[in-house]
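>>> When you get a sec, could you give me coordinates for this:
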Amino acid sequence: MLKTQDANYYLNLAQRTHNKTQARIYCLRARKELPAEGSINLEFARFLSAQKDFKKAELRYRKTSTMMPLSTVVYNEWGLLLHDQGKVEGQEELYRKMIEIEPDSPDGLCNLGGILSDKCKFEEAIVVLEKALEGLPDDTMTLNNLGSVFVNLGRYYKALEKLEKVLEIDGDHLLAHINLGLVESCLGKDDEAKENFQRVVDLIGDESDLKEAILRSCQRLLNFAKENALGEGADQKKRRRHNEKFRKALGELMPLLEK
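Here you go, the predicted model:
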């Protein structure tokens, strides 16, 4: 009981101080009191992640998962940590683990759909995201992810439907503005696309890490488009046209982010 009180005491101090070095010391003291306590290790993983000590944070999430094997929160945060680093591999397995534990997990379904799209598993992504929307039909991130899949496939008007709904709910949804700009460019609505791309720049502001993450994602999509990997169906001319439009759209957005 005393160890629990001491661990919670140090953890509380870590959460309250603005001194990063002191916060780390408090986290370590809390873990020393209860080294096998999952919640203590989870908080330490969060601290390491916030400090961008990604390698140690990943290790701590891995250890926490053995202490809390049925906690979807652990797998979700671990997956998002990989996402923040631009690591595609490993995310799918973590989100599938979430759904194994909780089949209707909104976060699990939404994030699994997103990573499946990132890996060009578009049709499976649609199934997963539509299942997520059955439980939360107005969830903006899920709607955005589904809109993004439709953009990648060249289903422009289906994409517009989802993305416009996102922006009706949240007019400052950064990813929806990115995807809407891309689909508008593909449709030849260049003025509308420019407005959305400028909105993206304004929303990012001085957040360099966010800008870098978006550029990584854009570069990955550009590589797919160069490989003619986007679009759907057996009509190669149609696929090539879509990939060319998508490359053009990314070519309009990326220079704005590189300034």
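
>>> how near is the residue nearest to Gln198 when sequence neighbours are not counted to Thr140?
Using Cβ to Cβ, 6 or more residues apart in numbering and skipping residues adjacent in sequence, the residue nearest Gln198 is Leu256, 7.5 Å away. (Each C-beta comes from the backbone N, C-alpha and C, glycine too.) Distance, Leu256 to Thr140, by Cβ to Cβ, to the nearest Å: 23 Å.

>>> between those two, which one's more packed in?
Counted by other Cβ atoms under 10 Å, Leu256 and Thr140 do not tie: Thr140 has more neighbours, with 19 against 15.

>>> Pull the contacting residues for the more buried one.
Thr140 makes contacts with 166, 169-170, 173, 176, as judged by Cβ atoms under 8 Å, 6 or more residues apart in numbering.

>>> out of the residues you listed, who's nearest Asp209?
His173 (18.6 Å; Cβ to Cβ).

>>> Contacts only, for the closest one.
Taking Cβ under 8 Å, 6+ apart as the criterion, His173 is in contact with 140, 144, 166-167.

>>> Which of those residues fall in helices?
If you go by DSSP state H, the contacts of His173 have 140, 144, 166-167 in helices.

>>> can you pick the most crowded of these?
Within the ones in helices among the contacts of His173, Asn144 tops the neighbour count with 27 neighbours, counted by other Cβ under 10 Å.

>>> need the contact list for it.
With contact taken as Cβ under 8 Å, 6+ apart, Asn144 is in contact with 162-163, 166, 173, 175-176, 179.

>>> Distance from the strand or helix carrying the residue nearest to Gln198 to the middle of the chain?
Under the criterion of DSSP states H and E, Leu256 resides in helix 236-257. Put simply, helix 236-257 sits 22 Å off its chain's centre (Cα atoms, centre = their mean, to the nearest Å).
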